[in-house]
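Trainee: Sequence and predicted structure below; questions after.
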Amino acid sequence: MGFTVTASVRAALTRTAVAAMACAFSALAAWAEDGIKIQYHGAGWIQGGRIEKASDTLSDGKGQNFNDNWTQNSGGQITAVADLGAGWEGGLGLGAIQSPGVFRGSPEYDKVPGLTWSPYVTEARLTYTLGDAAHPALQVTAGSFHFNYNPDVKNLGLYLFRGLVYPGIVISGFETKDVLPIANIYGLNVRHERGGFRGDFILNSETDINPYFDLSFAYLASYRFLNAIEIGGGVNWYRAVAQRPSITSPGKACPDPNSNVGVNAADKEICFILDTTLVGGTVTKIDTVTGSLSGVKLMGRFSVDPKTLFGLGGPFGPKDLIFYSEAAVLGLKNYPKYYEKIIQRIPVMFGVNLPAFGYLDDLSLEFEYFANPNMADFEKELEDNSWIPRPKAVTEITNDSGAVVRTIRTNTRSDDWKWSLYLDKVVAGHLKVSGQIANDHMRTGGFYLRPTQSETFSDTFDWYWMMKVAYYF
Amino acid sequence: MHTRTAGFLAIVGLAIAAMTAAVSAGDVTYRITGQGWAETGRIVHATDTLLVNLNGNAMQSAGAQFTAYADIGENWEGAFGIGGYQAHHMQGSGTVSSRSMHFYFKNFITESRMTYFRGDKADPYFSLTFGNFNYDYNPDIKNLGLYLFRGTVYPGFLVSGFMDPTVDQTKGDILGLKMHNVLGKFSQDVIFANERQFPPAFDWSLGYVAKYRPIDGIELGAGFNFYRLLSANSDLTTPDLTEYRTRDSTLTAQGDTHPYDHYYTEGRIDTVRDAANLPIIDTATGKAKVRYVPTTTYTHRGVKVMGMASFDPKKMFGLGGNFGEEDLRLYAECAMIGVQNYGSVYNKPLQRIPVVVGFNIPALRFLDVVSIEAEWYGAAYRNNVSKLTQQKYSELPSPIPVSYNTYDPIKNRGGVDPVTGRLLKDSTDAGGNVIQVPGPIQIRGTALDIENLTQDNWKWSLFMQKTVRQHIRFTAQVANDHFRPQPTHTKYADLDGTGATEFSSSLSDWYYMVRLGYFF
């Protein structure tokens, strides 16, 4: 089951990768040597915000109440980019963020969360460019690097490389690493451009979500014309080459039939779906459906700048009025019970840059629709390596004497719509102020709770805000 | 001990004061160096799969570092820097425990030192360095070797691995003081080093290395290291406390135990006698009273001695051709890890002598270096440091190797297994049936058998490196060395982010790593 390849193919790919490195090595050996020019890029920031409304205070058990929770963090990073001459460029850098370890959660468990440091590598890469660096005929980047195929997106979207396929997890938030100059790909990018066409091949080794080191292959193409319209599409064969096929596509040989997710102890669907089927029209039989974390994502997008298209004058800023959209299919294959309809695996976002007339650089309003019928958390994937969603939480409501008066089953459809309003302004060339009001895919966890990877916002009218002041060079 | 520490700190303070006086304001120039890399590899074969199966485990990392160097006046240089890299646990057998595998970040100090020098800064005839700095007395070594300052003495655990900080001269591996002196063809180094890698921590070691180049193309060297000469806590360096003898006395009373089963001492059970040399009878049992009498107290302290030689036929015979600078160089190093024989664990000197021989295969400038190294080390125990690290479980670091003789996980159910470091707990299956931790594992005849620990005596390494455009470096290694990965199974026995047990237990085990780096 699933989209994995055989051991012999994996071995062949490994040999090919090593051979390719050897060839690259041979080519490098022929170079002449000379000096380099180094540019330093850095940023430092403080940010803070508050969750104003989070409807679901039950699904993850006691402690889950993020209403009025504050958060803040500060950080800094520095990156050295060296022009090595003859089309070669290297980048390396370090960064760190100081933040509360978790959100506080319910007031009854409101203790003072400790501050934690989260260091990271901004990038560690080598890039070779043939032709103009801005529009290269060929550009090859290897290592750990940043890749953003849709810079119009401020918050919602970027589905092709963010999140999972099975389960269909979508990721977003305030200025995540995918929209900042921070590495989000470990592997290889081969880019080629000709006229308005741009193609990108991406080989990515999974480093965000376990199981690690599965290789994904992706290709993206975009075409820009009339200097105002860009259309693009891409395919990502997610976890195409599994590091451990028995983990990525576990089959029926389940190493542990019990879920390790604390709020989910009764869940027995770890490696396979337990579906029921009728035999002879009367007898119900349990059918075990095997599957995989691996799957294929498809993505399409467009962006239109009516200012350029229609020659609009006026005091518009360069990004004003641009409207853009992105949609994706998170997994082409249907599985019974949880992944039955492809339409429920298609997130769609659209955004527009409201006119800011130069007072702001961006004032972006984005909406997203994603009719995912499953719980939108991936704690079960983290704990059990499971490709099956966590069962919907069922919460018992009791009266003062402890008697159950009713049960509540998590409503997974009230969060189908997400929205985000993002703004930023750069002053004095190096000081950036940004903010966001949104209902997106933020995941908090809590002080009492371990981070469940549950989304904080379960209703269209839930929201939070964040502000950030950054200095960069 | 505290007096010794205070004395050392006073020396450092005086040095700083002297430096401060020697430097005039506005006389400082800086330069910054950096290094970034992405590396990947795989454990291709690991024979020992009894405790954890590492076959096919992938490895991957990305990292970066910056170091700032300051020329402070004519004779002083300071350096400090930071770095970090992504690291991760191993997936192990890829079963249920693989869910524990997560990426984490390790940061480090590249250097934090001050150096006073006389003569040319690049090759001073005298220098004094203190702080955190790199010291590599044998730069021919690419992987195996460097025994004098890497690893422990009792037990003689060796350290090596791909781009170990000791061979990466941009990363500090010594905290302490170094005095360097050159007298023509002769050079000498005195190293005063603080123990930071292996418990018990903070002991001070005093080492000396002398090297001589009789003719161009030949270098000879030798040295010694009084390992843990000064203890931070002598009760830890030599665990001779009475309250820690219970386990050893119980084992001795049981009889038929292997020496590796012990923790701190060996001894005998004696009958307690009165002044008339008559056995004292325990009135409660009616039997003669007995007591445990230690005959050997093991210690972490010891003395290493080292010899090394390097031979470059290109220079010696004036060979022409298209040879690279490193080509054809033949080198070797050997050491005695602990000159003292004692107890029944350390009574065979040949088992404490590792020898490495390396040769740089002609790469004819196509590569900077292609180095093949082979090592023999007859230690009759596995390179497993978990008994050193168990002080976190209310034990003192043990100077005795791990025993696999009586390995039986079920004995330690509910606790931490002393051999694997695993937390052993029962689980239940889908039907609610209790799955107990594994019963006794058949050790005899396997690579874990203490009677059969010669299969890992040979190690080997093939290392390649090429620098292009002066700033891009490609490095690769295929090896069977002392690499200790951190499998999920042994994360409870981790040591500074590495695992407790060497992955390799036989000559056929190997892994490969490739790294693409850029530096300035």
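Mentor: Received the coordinates, thanks.

Trainee: B:Ile353 touches B:Val339, doesn't it?
Mentor: No. Counting by Cβ atoms under 8 Å, B:Ile353 stays clear of B:Val339, with 10.5 Å between them. Any C-beta I mention is one placed from the backbone N, CA and C, and that applies to glycine too.

Trainee: The two: which has the busier surroundings?
Mentor: Each of B:Ile353 and B:Val339 has its neighbours counted (other Cβ atoms under 10 Å in any protein chain shown); B:Ile353 has more, 19 against 13.

Trainee: Enumerate every residue touching the more buried one.
Mentor: For B:Ile353, the contacting residues are B:Cys334, B:Ala335, B:Met336, B:Ile337, B:Tyr377, B:Gly378, by Cβ atoms under 8 Å, 6 or more residues apart in numbering or on different chains.

Trainee: For the strand or helix carrying A:Tyr223, buried residues please.
Mentor: For A:Tyr223, the element it lies in under DSSP states H and E is strand A:215-225. Residues of strand A:215-225 classed as buried: A:Leu215, A:Ser216, A:Phe217, A:Ala218, A:Leu220, A:Ser222, A:Arg224 (neighbour count, 16 or more other Cβ atoms under 10 Å in any protein chain shown).

Trainee: That one - contacts with which helices or strands?
Mentor: Helices and strands in packing contact with strand A:215-225 are listed as strand A:197-205, strand A:229-241; criterion 3 or more Cβ pairs under 8 Å, 6 or more residues apart in numbering or on different chains; DSSP states H and E.

Trainee: which residues touch the residue of the stretch 101-250 of chain B found nearest chain A?
Mentor: Nearest to chain A, among the residues of the stretch 101-250 of chain B, is B:Phe105, at 4.7 Å (Cβ to the nearest Cβ). Each residue near B:Phe105 by Cβ under 8 Å, 6+ apart is listed here: A:Ser118, A:Pro119, A:Tyr120, B:Gly84, B:Tyr85, B:Gln86, B:Ala87.

Trainee: Please, which helix or strand holds residue 189?
Mentor: No chain in the question, so chain A it is. Counting by DSSP H and E, A:Asn189 is found in strand A:185-194.

Trainee: wait, I meant chain B there
Mentor: When elements are assigned from DSSP H and E, B:Asp189 belongs to strand B:186-194.

Trainee: Can you tell me what sits against that strand?
Mentor: Contact partners of strand B:186-194, identified using Cβ under 8 Å, 6+ apart, comprise B:8, B:135, B:137, B:149, B:174-181, B:202-212, B:223, B:225.

Trainee: which is the next helix or strand following the longest strand belonging to chain B?
Mentor: Using DSSP state E to define each element, chain B has its longest strand at strand B:28-45. On the C-terminal side of strand B:28-45, the closest following helix or strand by DSSP H and E is strand B:58-72.

Trainee: If you count neighbours, what's buried in that following strand?
Mentor: Of the residues in strand B:58-72, those with enough neighbours to count as buried (16+ other Cβ under 10 Å) are B:58-70, B:72.

Trainee: What residues does B:His180 make contact with?
Mentor: For B:His180, the set of contacting residues under the criterion of Cβ under 8 Å, 6+ apart consists of B:Pro124, B:Phe126, B:Ser127, B:Leu128, B:Thr129, B:Ser187, B:Gln188, B:Asp189.

Trainee: Weed out the non-buried ones from the residues you listed.
Mentor: Buried members of those, scored by 16+ other Cβ under 10 Å, are B:Pro124, B:Ser127, B:Leu128, B:Thr129, B:Ser187, B:Gln188, B:Asp189.

Trainee: Closest to A:Glu396 out of the residues you listed?
Mentor: The shortest gap between A:Glu396 and any of the buried ones among the contacts of B:His180 belongs to B:Thr129, at 67.7 Å (Cβ to Cβ).

Trainee: how many neighbours does the closest residue to chain A within chain B have?
Mentor: When distances are taken as Cβ to the nearest Cβ, chain B reaches nearest to chain A at B:Gly36, 2.5 Å away. When neighbours are counted by other Cβ under 10 Å, B:Gly36 registers 32.

Trainee: tell me which element the closest residue to it other than its chain neighbours is part of?
Mentor: For B:Gly36, ignoring the flanking residues on the chain, the nearest one in space by Cβ to Cβ, 6 or more residues apart in numbering or on different chains is A:Leu92 at 2.5 Å. Element membership of A:Leu92, judged by DSSP H and E, is strand A:88-100.

Trainee: Tell me which residues of that strand come out buried.
Mentor: Buried positions in strand A:88-100, judged by neighbour count with 16+ other Cβ under 10 Å: A:Trp88, A:Glu89, A:Gly90, A:Gly91, A:Leu92, A:Gly93, A:Leu94, A:Gly95, A:Ala96, A:Ile97, A:Ser99, A:Pro100.

Trainee: what does stretch B:134-145 give?
Mentor: If you call a residue buried by 16+ other Cβ under 10 Å, then stretch B:134-145 has these buried ones: B:Asn134, B:Tyr135, B:Asp136, B:Tyr137, B:Asn138, B:Asp140, B:Ile141, B:Lys142, B:Asn143, B:Leu144, B:Gly145.

Trainee: can I assume B:Tyr518 is in contact with A:Leu92?
Mentor: Yes. With contact defined as Cβ under 8 Å, B:Tyr518 reaches A:Leu92; the gap is 6.4 Å.

Trainee: Identify each buried residue in the helix or strand that B:Thr252 is a member of, please.
Mentor: In this structure, B:Thr252 sits in helix B:246-254 according to DSSP H and E. Of the residues in helix B:246-254, those with enough neighbours to count as buried (16+ other Cβ under 10 Å) are B:Asp248, B:Ser249, B:Leu251, B:Thr252.

Trainee: I'd like to know which elements that helix is packed against.
Mentor: Counting by 3+ Cβ pairs under 8 Å, 6+ apart, helix B:246-254 packs on strand B:265-271, strand B:290-297.

Trainee: Per-residue pLDDT of B:Ile16, please?
Mentor: The predicted local distance difference test score for B:Ile16 is 53.

Trainee: Specify the beta-bridge partners of A:Glu326.
Mentor: Per DSSP bridges, the residues bridged to A:Glu326 are A:Arg301, A:Met349.

Trainee: list the contacts for it?
Mentor: The contact partners of A:Glu326, by Cβ under 8 Å, 6+ apart, come to A:Asn150, A:Val153, A:Gly157, A:Leu158, A:Tyr159, A:Met299, A:Gly300, A:Arg301, A:Val348, A:Met349, A:Phe350.

Trainee: between those residues, which is closest to B:Thr115?
Mentor: Relative to B:Thr115, the closest of those is A:Leu158; by Cβ to Cβ it sits at 48.7 Å.

Trainee: Count the neighbours of the closest one for me.
Mentor: 25.

Trainee: now do A:Ala137
Mentor: Burial measure for A:Ala137: 12 neighbouring residues, criterion other Cβ under 10 Å.
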